[in-house]
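Participant: starting from these lines, generate the structure:
(chains A, B, C and D)
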Amino acid sequence: MKWPSFHRSKGDNKIESKNLLGALATLRSNMIKIEIVNGPITPFPSNDDRNQDGAELVFNGRVRDTEHGKQITAIEYEQYEGMAQAELSKLAEETCRKFPIHDLFCQHRMGKVGIGETSLHVSIWSKHRKEAIEAMDWFIFELKKRVPIWKWAILPDGTKVPSECAH
Amino acid sequence: MKWPSFHRSKGDNKIESKNLLGALATLRSNMIKIEIVNGPITPFPSNDDRNQDGAELVFNGRVRDTEHGKQITAIEYEQYEGMAQAELSKLAEETCRKFPIHDLFCQHRMGKVGIGETSLHVSIWSKHRKEAIEAMDWFIFELKKRVPIWKWAILPDGTKVPSECAH
Amino acid sequence: MISLCLCDSVVNIMKIKIKCFSQVKYALGENEIKLDLENGSTTYDLEKLIREKANGQLDDVSLRVAVNQQYVKDESELKDGDEVAFIPPVQGG
Amino acid sequence: MISLCLCDSVVNIMKIKIKCFSQVKYALGENEIKLDLENGSTTYDLEKLIREKANGQLDDVSLRVAVNQQYVKDESELKDGDEVAFIPPVQGG
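Facilitator: Now for the predicted structure:
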């Protein structure tokens, strides 16, 4: 693979040094990539160079033109810098332990994001469809519960309010 | 939207002619696109011009290098021409009735597909993530039950056998 | 193409086209079979005939029936000109 | 930046940094608050203080506590130099 990334091996495999090459050959390691970015999302590569990933599932969360029924012109994302990245990474690792997926890449955008633009981009690769779908569902569900990122609604008059109380 | 496509309105909305414009404005119609193609998949556009689709979910089913534990060099897809397209279209319509999604586009490749290449490409757009994930899961599950498409495994020695009995 | 005739009178036959896919095609070695069947023959009669022709190769294969590109659930009477397919487990995706 | 002092002796204070986000930032009008707290103060004491300062604007907002960028479940004692955040419901995605 081409990207700087975090590798983690499944389980607690103890590797004897004399069997190292054989063990490495059979060990399936997950690749996780977490990026919090300020500009537009750059989609993760969806190319044909994987020969054991029968399923590739991509989720794009996009900004809608209303929040809680009120018209908005954009969303501004705010993060707890450091903690957001750490919580996302921890969550990705948990997801890879909980579901038999291969790789999980996630990009979350910060700052002002216009209507229709992608704020969250997640790609999951796995052998079969089932685990990719379940892992995607769980990962995003948990992200929305624990990763310290918030939305500010930009209203038509230009004011900016925390999304929940867009009065 | 830019593509030739099939429009269907939700429910049995009766439209009085004098209220036609107003009714059309609020009527949410699903867009369905079903393509059975011979060459490589051309991914459906994932752009920023939708303002009410908070969720965009894309599935790529790719050919793995083994079938039932045996090494293969490619898959050759076969269809019941006419019926495969009809069943896929019917299934897409059912999916749009069963789940509150907006649009469902599907491309299935025929003929020889190399290892790592995409054979099935599905994009679903909806307001929220939940219905997109459920609809994707159900659509592909049903596709694998009823759409008359089959796999022939191409073995390393060049022979071609129906996938289930790749002996 | 092969052609079988089960009828004893020319008046009482209907022409049926059978489309073969996957394991059915593999077992029979044909993409398409044209048959003359006795009037009143059903999908059940035809499936029995096809399974016999396959010499046991389809014994473990469950087949669904489509007539004129529509799945049919129960045994149904065929009519002249019908296109029939015995559909092995599908494998799209 | 605002600075509050709850201590009566210089020896017994600790310096705490509070990070403010979303509704907390909106209510307090600050990104970050530096406070001197009495030794032995807990996350509970600090949350009470913050809610008071918000003049009722955070009454309907549930807050989770993070100390040094880790969620903490129960009331915990703070120590000098801690970074604390009262985390309103998150909204990523």
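
Participant: so where's the chain uncertain?
Facilitator: Looking at chain A here, since you left the chain open. Where chain A drops to pLDDT under 70, the residues are A:1-28, A:165-167.

Participant: please refer instead to chain C.
Facilitator: Residues of chain C that meet the cut-off, pLDDT under 70, sit at C:1-11.

Participant: determine the longest helix present in chain A.
Facilitator: In chain A, with assignment by DSSP state H, the single longest helix is helix A:129-146.

Participant: can you pull the buried residues of that one?
Facilitator: Judged by neighbour count using 16 or more other CB atoms under 10 Å in any protein chain shown, the buried positions of helix A:129-146 are A:129, A:131-137, A:139-140, A:142-144, A:146. Heads up, the C-betas are built off the backbone N, CA and C, glycines and all.

Participant: got the residues of chain A near chain C?
Facilitator: Taking CB under 8 Å from any CB of the partner chain, the part of chain A that reaches chain C is made up of A:Arg129.

Participant: quick one: the residue sitting furthest away from the middle of chain C and chain B, what's the gap?
Facilitator: For chain C, the residue at maximal distance from the C-alpha centroid (CA atoms, centre = their mean) is C:Gly93, at 25.6 Å. Distance, C:Gly93 to chain B, using CB to the nearest CB, to the nearest Å: 5 Å.

Participant: for that residue, what are its contacts?
Facilitator: Listed by CB atoms under 8 Å, 6 or more residues apart in numbering or on different chains, the contact partners of C:Gly93 are A:129, B:61, B:108, B:119-120, B:140, B:143-144, B:149.

Participant: those: which ones sit near chain D?
Facilitator: Within the contacts of C:Gly93, nothing lies near chain D by CB under 8 Å from any CB.

Participant: ok, so of those residues, who is nearest D:Leu46?
Facilitator: Each of the contacts of C:Gly93 was checked against D:Leu46 using CB to CB; the closest is A:Arg129, at 47.4 Å.

Participant: list phi and psi for C:Lys79.
Facilitator: phi -130, psi 160 (degrees, to the nearest 10).

Participant: which residues does the closest residue to it other than its chain neighbours bridge with?
Facilitator: The shortest distance from C:Lys79 to any non-neighbouring residue, by CB to CB, 6 or more residues apart in numbering or on different chains, is to C:Met14 (6.3 Å). Beta-bridge partners of C:Met14, counted by DSSP bridges, are C:Leu37.

Participant: tell me how far C:Met14 lies from chain D.
Facilitator: 60 Å.

Participant: in this structure that residue contacts C:Leu35, no?
Facilitator: No - using CB atoms under 8 Å, C:Met14 is not in contact with C:Leu35, being 9.1 Å away.

Participant: which SSE is A:Glu87 in?
Facilitator: helix A:83-98 (DSSP states H and E).

Participant: which one of the contacts of C:Gly93 is nearest chain D?
Facilitator: Closest approach between the contacts of C:Gly93 and chain D, by CB to the nearest CB: A:Arg129, at 22.0 Å.

Participant: quick one: residues contacting that closest one.
Facilitator: Per CB under 8 Å, 6+ apart, neighbours of A:Arg129: A:54-55, A:57, B:59, B:61, B:137, B:140, C:93.

Participant: could you dump those into TSV and include distance to C:Thr42 and secondary structure?
Facilitator: Putting the contacts of A:Arg129 into TSV (distance: CB to CB, whole Å; DSSP: H, G, I helix; E, B strand; the rest coil) gives the following:
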residue	distance to C:Thr42	secondary structure
A:Gly54	40	coil
A:Ala55	41	strand
A:Leu57	44	strand
B:Phe59	40	strand
B:Gly61	37	strand
B:Asp137	37	helix
B:Ile140	34	helix
C:Gly93	32	coil
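
Participant: between which two of those is the distance greatest?
Facilitator: Across the contacts of A:Arg129 (CB to CB), the longest gap, 15.1 Å, separates A:Gly54 and B:Asp137.

Participant: near chain A, which residues of chain C?
Facilitator: C:Gly93.

Participant: nearest to chain A: which residue in chain C?
Facilitator: Closest point on chain C to chain A, by CB to the nearest CB, is C:Gly93, at 7.8 Å.

Participant: who has more neighbours out of C:Met14 and C:Leu35?
Facilitator: C:Leu35 (22 against 18; other CB atoms under 10 Å in any protein chain shown).

Participant: quick check: nearest residue in space to the more buried one, chain neighbours excluded?
Facilitator: That would be C:Ile16: by CB to CB, 6+ apart, it lies 4.8 Å from C:Leu35.

Participant: host element of the one you found?
Facilitator: Going by DSSP H and E, C:Ile16 is part of strand C:13-19.

Participant: what's the spacing between that strand and its chain's center?
Facilitator: Here strand C:13-19 shows a centroid-to-chain-centroid distance of 8 Å under the convention CA atoms, centre = their mean, to the nearest Å.

Participant: how about the contacts made by A:Val37?
Facilitator: Counted by CB under 8 Å, 6+ apart, A:Val37 has contacts A:107-110.

Participant: which of these fall in strands?
Facilitator: Those of the contacts of A:Val37 mapping onto strands are A:107-109, per DSSP state E.

Participant: which residue is nearest the middle of chain A?
Facilitator: Nearest to chain A centroid, counting by CA atoms, centre = their mean: A:Cys106, 2.6 Å.

Participant: pretty sure it is in contact with A:Glu35, am I right?
Facilitator: Yes - contact criterion CB under 8 Å: A:Cys106 and A:Glu35 qualify, at 7.2 Å.

Participant: okay, buried residues for the longest helix along chain C please.
Facilitator: Counting residues, the longest helix found in chain C (DSSP H) is helix C:43-53. Using 16+ other CB under 10 Å as the burial criterion, the residues of helix C:43-53 that qualify are C:43, C:45-47, C:49-51, C:53.

Participant: what about chain B: which of those touch it?
Facilitator: Answer for those near chain B: none qualify (CB under 8 Å from any CB).
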